[in-house]
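Engineer: A predicted structure for the sequence below; I have some questions about it.
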Amino acid sequence: MFQRIALLVLAPALAVQAQTPVNQKVIVDNPFVRVLDIRAPPGGFESAHSHPAGLTVALSAYENETKTVPDGKPSRSHTAFGEIRWADPVTHEVRNVGATDQHVIRIELQPNPPAPEAGKSLSSLGPLDPVQLLKDSVKLVFENKYVRVLESRAPAGSSEPRHRHIRGVSVSLSDSEVETTSFPGGLARVSNKVGDVRWLEWREHQGRIIGPTESRVVIVEVK
């Protein structure tokens, strides 16, 4: 009898856990991308939903399980802080099966984005392409026909010479203080916090890390 009562008490608790809400907030929505800030506590569950092509940047370490729809094929994975993952269009359901909060920035590509302005495409970067010019601090993570993804890690006190970026999204992976000089534009000081997301147009600038910590940023350039 006691065992039966215990099961009856436990069942509603499991049902509540299964419906633990996931918080999603749209932070950028323009003709090129829609960017979501997604937070799922342990047990957080998202019922079947669809995503267009895009990528995620992890702002926490977490473990989740996904099931694709309609086949229901399960997949469990561990994701580390700062990990970047590309995903083709998908319909799935997702559950946080780990013991830590899942916090990601999801960058979804809009259909039929406007073409780059003249002289502001990837090929226009020329010798000021940061992948070629800043080999000590900028790493090419991956590239496909839609995006080029870079990770910049510049130590405190370091400087970056004049370089260019095409339009895209930046995601900060560290707290940092940066002084930039834009061409044209002038001098500006920028404070970054972990998780800060910015949409940035074509730009040519140079920078210096003026705070006590490294600047670590993911840059998703949209072609």
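Structural biologist: Happy to help now that I have it. Remember, it's a predicted structure, so these values are computed and weren't measured experimentally. Numbering: from 1, shown residues only.

Engineer: count of residues packed around S191?
Structural biologist: Around S191 sit 11 other residues, with neighbours defined as other CB atoms under 10 Å. In this view, the C-beta of every residue, glycine as well, is placed from N, C-alpha and C.

Engineer: cool, and the one 5 residues further on?
Structural biologist: If you count neighbours by other CB under 10 Å, D196 ends up with 18.

Engineer: Would you check how far apart the spatially closest residue to it that is not a sequence neighbour and I219 are?
Structural biologist: Leaving out its chain neighbours, the residue that sits closest to D196 by CB to CB, 6 or more residues apart in numbering is S172, at 4.2 Å. To I219, S172 is 10 Å away according to CB to CB, to the nearest Å.

Engineer: per-domain residue ranges of the protein.
Structural biologist: Following automatic domain parsing, one finds the domains of the chain at 20-109, 122-222.

Engineer: Let's have those in CSV, adding distance to A115.
Structural biologist: Formatted as CSV, these follow (distance: least, CB to CB, whole Å):
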stretch, distance to A115
domain 20-109, 11
domain 122-222, 11
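
Engineer: want to throw these into a markdown table with mean pLDDT?
Structural biologist: Shown next, in a markdown table, are the domains of the chain (pLDDT from 0 to 100):
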| stretch | mean pLDDT |
| --- | --- |
| domain 20-109 | 95 |
| domain 122-222 | 97 |
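
Engineer: In its sheet, which strands sit next to the host helix or strand of S47, and in what direction?
Structural biologist: Per DSSP states H and E: S47 is located in strand 45-51. Paired neighbours of strand 45-51 in the sheet (DSSP bridges): strand 90-96 (antiparallel).

Engineer: Only the buried residues of the partner strand, if you could.
Structural biologist: 92-96 (16 or more other CB atoms under 10 Å).

Engineer: again, but for stretch 98-116
Structural biologist: 98, 102-109, 116.

Engineer: Endpoints of that stretch, how far apart?
Structural biologist: 41 Å (CA to CA, to the nearest Å).

Engineer: Quick one: distance of it to the chain centre.
Structural biologist: Centroid separation between stretch 98-116 and its chain, computed with CA atoms, centre = their mean, to the nearest Å, is 6 Å.

Engineer: I'd like the numbering to begin with 10 instead of 1 from here.
Structural biologist: With the count now opening at 10, the last piece we talked about shows up as stretch 107-125.

Engineer: which ones are touching the spatially most central residue of the chain?
Structural biologist: With distances taken as CA atoms, centre = their mean, the chain has V66 as the residue nearest its mean C-alpha position (3.0 Å). By CB atoms under 8 Å, 6 or more residues apart in numbering, the contact list for V66 reads 91-93, 113-114, 116, 180, 182, 227.

Engineer: one more time with 6 Å
Structural biologist: Counting by CB atoms under 6 Å, 6 or more residues apart in numbering, V66 touches 93, 114, 180, 227.

Engineer: What about those residues, which one has the most neighbours?
Structural biologist: V180 (26 neighbours).

Engineer: Helix or strand: which one has that residue?
Structural biologist: V180 belongs to strand 177-181 when assigned by DSSP H and E.

Engineer: now swap in G216 and tell me
Structural biologist: strand 212-218.

Engineer: Using neighbour counts, pick out the buried residues of stretch 50-70.
Structural biologist: 51-55, 62-70.

Engineer: any idea how far the residue nearest to the centre of the chain is from G128?
Structural biologist: Separation of V66 from G128 (CB to CB): 29 Å.

Engineer: next structured bit after the helix or strand encompassing the residue nearest to the centre of the chain?
Structural biologist: Assigned by DSSP H and E, V66 falls within strand 63-67. Later in the chain than strand 63-67, the nearest helix or strand by DSSP H and E is strand 71-77.
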